[in-house]
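Undergrad: next input, structure requested:
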Amino acid sequence: MQTLSSSLSDLAARVAELEAEREMTLRLAQTDSLTGLVNRGAFTGSLCERLEAARETGASVALFIIDLDRFKNLNDTLGHHAGDMLLAELGQRLRDETGPGEMAARLGGDEFALITADDDIVARAERLVALLSQPHDIYGRTVSPGGSVGVAVFPRDAQDAADLQRHADQALYRAKSAGGRRWSSFDEDLREEGVRRRTLEDELRRAIPAGEIVPWFQPIVESMTGAMVGVEVLARWNHPERGLVSPAHFVPMAEELGLIRAIDEAIFEAACARTAPWVAEGLIEVVSCNVSPRDLLDPAFSRKLIGRLAKTALPATALTVEITETFLLQDMALARRHIERLAAKGVNVALDDFGTGYSNLRALMHLPIQTVKLDRSLIDDVGRDARVSKLVASMLHAARSLGVRIIAEGVEHEGQALFLRSAGCDRMQGYFFARPMPGDAMEAMLREANAPKPRVAIAG
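TA: Below is the predicted model:
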């Protein structure tokens, strides 16, 4: 009997041990390892449970979404370990701030959340903003990035967890857009803005297959002669009710929704069809198209582009593909494969936003890039600010020494054009020459510029 009793005791101890291990594993699976707070998965489940309980009792639940301001700058200047130290400190502060029945969580990166039944939303939000603004010592330096807070309340602002979190995010975005270090609460203005955005998203999805996204064109001129030698292709949305929708409104939305590739392909095909006759007739030499960094990250991008180009009448040597430095910084090896593959087929590659980063000259030295486009931010003060003028002149000299063509974009007045021409800039584009325009208007301008001029008879 004693042996049986001992065996049962050992079994009970082992069961208890296994149960403790299971609870520990479950706790670890629900905990963010850096801050010790609840992680996103556990937060989502808990939020749903709390809303269900509040629905039965008629209580309110407030969700605060918290995001640090200028956190990326801290990582860039002091390193990721310093950023982790700050996040760990913020996690401790949120644990200290969290009362009974409340939950603090790290959602990812520098984004946190607090679930509470606290009715005094204003006081709690202001306390959180103050908490985020408290200084912290890292590597002997005092940092205080501050943060922004967005809040939404169940059931006033939303009826389920997904909408509650989305509305708190909207409020957070408004706080950050206003400069940060502040809080914002979801309200009717944001609700109406959300409805407008969702409507526009649905309309954008329909606009692509309906052919409402169309190419417009801006001329590129030769600096010495003023002759139009090319066009840059730009996307415009001809909305049937709203009229012309600015790219600033729909391009970022298309990026977020994963629609930018479909837009790029539709614009590319339409632009090639429209411009191929212009090239064949000698009206222009170059058709320049922008490419989304997201598209460039597709390993098959260059092969797909070459395949689409082969189905058009536009010669490969007439096409210029504009890529940004952002892509080069993300994946230089993939950039090299794309650029070399395009160059082998005769497609020109231009580096856009030249002069705004650190890797431009390195890219020009090691990649078959034929053209650089001076960023418009550098053009604003040339000819007026001596320091900017010297900087741009030096950049032009460096690019020329590497044998690449230079195009300045954003030229808006004669002084800029005169300076750039004297400094050796090859080509220019901007409002000083012409604004972007539909295909019919562009073709009419090209034909007028290339029309033979009547001879003037000289008497006597």
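
Undergrad: C-alpha from now on. contacts and neighbour counts both.
TA: Noted.

Undergrad: distance between the ends of stretch 73-84?
TA: This stretch, stretch 73-84, spans 13 Å end to end (Cα to Cα, to the nearest Å).

Undergrad: what's the answer for stretch 275-294, then?
TA: One end of stretch 275-294 sits 25 Å from the other (Cα to Cα).

Undergrad: and stretch 205-225, by the same measure?
TA: Span of stretch 205-225 from end to end, Cα to Cα: 43 Å.

Undergrad: list the contacts of that stretch.
TA: Around stretch 205-225, the neighbours that count as contacts under Cα atoms under 8 Å, 6 or more residues apart in numbering are 227-239, 259, 262-263, 266-267, 270-271, 417, 421, 425-430, 433-439, 442.

Undergrad: buried ones only from those, please, as a PyMOL command.
TA: Here is the PyMOL command that picks out the buried ones among the contacts of stretch 205-225, judged by 16 or more other Cα atoms under 10 Å:
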select buried, resi 227+228+229+230+231+232+233+234+235+236+237+238+259+263+266+267+271+417+421+425+426+427+428+429+430+433+434+436+437+439+442
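
Undergrad: quick one: contacts for residue 136?
TA: With Cα under 8 Å, 6+ apart, residue 136 has these contacts: 86, 142-144.

Undergrad: quick check on these: which are buried?
TA: 86, 144.

Undergrad: so which of the contacts of residue 136 comes closest to residue 63?
TA: When those are ranked by distance to residue 63 (Cα to Cα), residue 86 comes first, at 22.7 Å.

Undergrad: where's the closest one, which helix or strand?
TA: Element membership for residue 86 (DSSP states H and E) is helix 80-97.

Undergrad: who are the packing partners of that helix?
TA: Under the contact criterion of 3 or more Cα pairs under 8 Å, 6 or more residues apart in numbering; DSSP states H and E, helix 80-97 touches helix 71-78, strand 103-108, strand 136-138.

Undergrad: which of these has the lowest mean pLDDT?
TA: The minimum mean pLDDT among the helices and strands packed on helix 80-97 belongs to helix 71-78 (a mean of 77).

Undergrad: which residues sit against it?
TA: So helix 71-78 is in contact with 81-83, 110, 145, going by Cα under 8 Å, 6+ apart.

Undergrad: the contacts of residue 136 in helices, which ones?
TA: residue 86 (DSSP state H).

Undergrad: what is the nearest of the contacts of residue 136 to residue 133?
TA: Distance to residue 133, by Cα to Cα, is smallest for residue 144 among the contacts of residue 136, at 5.7 Å.

Undergrad: and the strands in the stretch 151-300 of the chain?
TA: Secondary structure of the stretch 151-300 of the chain (DSSP state E, counting those that start in this stretch): strands at 183-185, 213-222, 228-239, 243-245, 286-290.

Undergrad: columns distance to residue 48 and mean pLDDT on top of these, output as a markdown table?
TA: A markdown table is the format used below for the strands of the stretch 151-300 of the chain (distance: least, Cα to Cα, whole Å; pLDDT from 0 to 100):
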| stretch | distance to residue 48 | mean pLDDT |
| --- | --- | --- |
| strand 183-185 | 21 | 96 |
| strand 213-222 | 40 | 96 |
| strand 228-239 | 39 | 95 |
| strand 243-245 | 38 | 88 |
| strand 286-290 | 43 | 95 |
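
Undergrad: and the ones you listed as TSV, adding distance to residue 368?
TA: Converted to TSV, the strands of the stretch 151-300 of the chain look like this (distance: least, Cα to Cα, whole Å):
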stretch	distance to residue 368
strand 183-185	49
strand 213-222	22
strand 228-239	21
strand 243-245	36
strand 286-290	17
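
Undergrad: nearest to residue 347, of these?
TA: Comparing the strands of the stretch 151-300 of the chain by Cα to Cα, strand 286-290 comes nearest, at 10.3 Å.

Undergrad: re the thing from before, out of the contacts of residue 136, which sit inside strands?
TA: Using DSSP state E, the members of these that fall in strands are 142-143.

Undergrad: pull the most distant pair out of the contacts of residue 136.
TA: 86 and 142 (11.0 Å).
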